[in-house]
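Engineer: quick one: sequence plus predicted model below, questions after.
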Amino acid sequence: MTGQLSPKDTRGYMRGSAKNRMIIMAHPDDPELSCGGSIALWSERGRVCNVIVSCGEKGTWDRKASPLLVAEKREKEARKAARYLGVERIVFLRHPDGEISSVKTLKIELAALVRKLKPYTIVTHDPWSRYFHPDHRATAQAVIEAIMIARDWHFYPFLLEIGLKPHRAGELLLGITENCNHVVDITTTYRKKIRAIAMHKSQLGQLPDWQKRVRDRVASDGSLAGYKYGEGFFKMRV
């Protein structure tokens with residue numbers, strides 16, 4: 001659903017929530033770019049875990065750069081940004097950048113993490129967004145499959161054998177999206193989002209005018225619900 005949202009609806013939901021949240025993204029800087037302001041809010045009220053699927057080792061325009069060193073630097077940047085935003089735990093799956101669609105085990109890895117960490121809210125990319133990266137789409141599709149595997153008893157019985165009983169998440173948030181039906185008010189945490197993005201120093205040269213672009217987007221999302229700054233999602237019950 002698109003259009004004007006009720007501030008009462010979105011604020012009421014956020015104020016009443018103190019649940020576990022799992023942010024599953026393709027690349028080390030994606031959590032901050034997609035929902036850094038929301039993460040800062042959620043961390044104040046509950047537990048947040050970031051799951052980063054790829055190493056991000058191809059995230060450079062420098063032909064002479066070592067992909068191994070790029071991956072190492074990006075992981076350090078991700079840890080720093082997550083710590084700054086109050087994230088309790090960060091998991092690196094370390095799959096090859098640009099090749100997530102070929103990772104056959106990803107949905108099972110994610111399902112196991114969902115069963116173990118028991119999030120109420122799962123956040124990932126919108127696979128139907130016009131502004132997609134192939135890794136974003138592949139990650140989101142794996143997340144959707146993982147949610148089904150995690151919630152039902154008869155998928156992959158070995159999970160039960162290692163003590164991972166089914167867990168049904170309460171909701172899935174997809175962002176960045178053009179089909180927004182849920183906005184988080186990040187007016188008070190917008191500056192934290194900007195500072196967290198800036199901690200990904202290796203990527204800033206590849207994001208021209210990034211501060212203006214981020215500000216314009218969160219202002220646009222916020223306006224849908226009457227906020228100065230917001231992060232918009234497509235929310236699904238799962």
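Structural biologist: Nice, thanks for sending it over.

Engineer: flag the shaky bits of the chain, pLDDT-wise.
Structural biologist: Residues of the chain meeting the criterion pLDDT under 70: 1-18.

Engineer: how close does the residue of the chain most remote from its centre sit to residue 70?
Structural biologist: In the chain, counting by C-alpha atoms, centre = their mean, residue 64 sits farthest out from the average C-alpha position, at 30.1 Å. Counting by C-beta to C-beta, to the nearest Å, the gap from residue 64 to residue 70 is 11 Å. (Glycine included, C-beta is placed from N, CA and C.)

Engineer: same check on residue 219?
Structural biologist: As judged by C-beta to C-beta, residue 219 and residue 70 stand 32 Å apart.

Engineer: more crowded one of these two?
Structural biologist: Comparing residue 219 with residue 70 by other C-beta atoms under 10 Å, the one with more neighbours is residue 70, at 19 against 14.

Engineer: does that one belong to a helix, a strand or coil?
Structural biologist: With DSSP: H, G, I helix; E, B strand; the rest coil as the basis, residue 70 sits in helix.

Engineer: quick check: it touching residue 61?
Structural biologist: No: using C-beta atoms under 8 Å, residue 70 is not in contact with residue 61, being 10.8 Å away.

Engineer: name the nearest residue to residue 135, ignoring sequence neighbours.
Structural biologist: Spatially, and ignoring its direct neighbours in sequence, residue 135 is nearest to residue 26 (4.0 Å; C-beta to C-beta, 6 or more residues apart in numbering).

Engineer: same question for residue 128.
Structural biologist: Among residues not flanking residue 128 along the chain, residue 179 sits closest, at 7.2 Å (C-beta to C-beta, 6+ apart).

Engineer: before we move on, the earlier item: and the residue farthest from the centre of the chain, which of the three is it?
Structural biologist: Put simply, residue 64 is coil when judged by three-state DSSP.

Engineer: same question, residue 132
Structural biologist: Recorded secondary structure, residue 132: coil (three-state DSSP).

Engineer: who are the contact partners of the closest residue to residue 92 other than its chain neighbours?
Structural biologist: Distances taken as C-beta to C-beta, 6+ apart place residue 52 nearest to residue 92, at 5.1 Å, with adjacent residues excluded. Contact analysis of residue 52 by C-beta atoms under 8 Å, 6 or more residues apart in numbering lists 25, 26, 27, 28, 30, 31, 75, 78, 90, 91, 92, 93.

Engineer: any chance of the residues you listed in TSV with distance to residue 111 as columns?
Structural biologist: What follows is the contacts of residue 52, written out as TSV (distance: C-beta to C-beta, whole Å):
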residue	distance to residue 111
25	17
26	17
27	21
28	22
30	20
31	20
75	23
78	23
90	19
91	14
92	18
93	13
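
Engineer: out of those, who's nearest residue 236?
Structural biologist: Among those, residue 25 lies closest to residue 236 (C-beta to C-beta), at 17.2 Å.

Engineer: tell me the gap between the helix or strand containing the residue nearest to residue 92 and the middle of its chain.
Structural biologist: Using DSSP states H and E, residue 52 maps to strand 48-54. Relative to its parent chain, strand 48-54 has a centroid offset of 7 Å by C-alpha atoms, centre = their mean, to the nearest Å.
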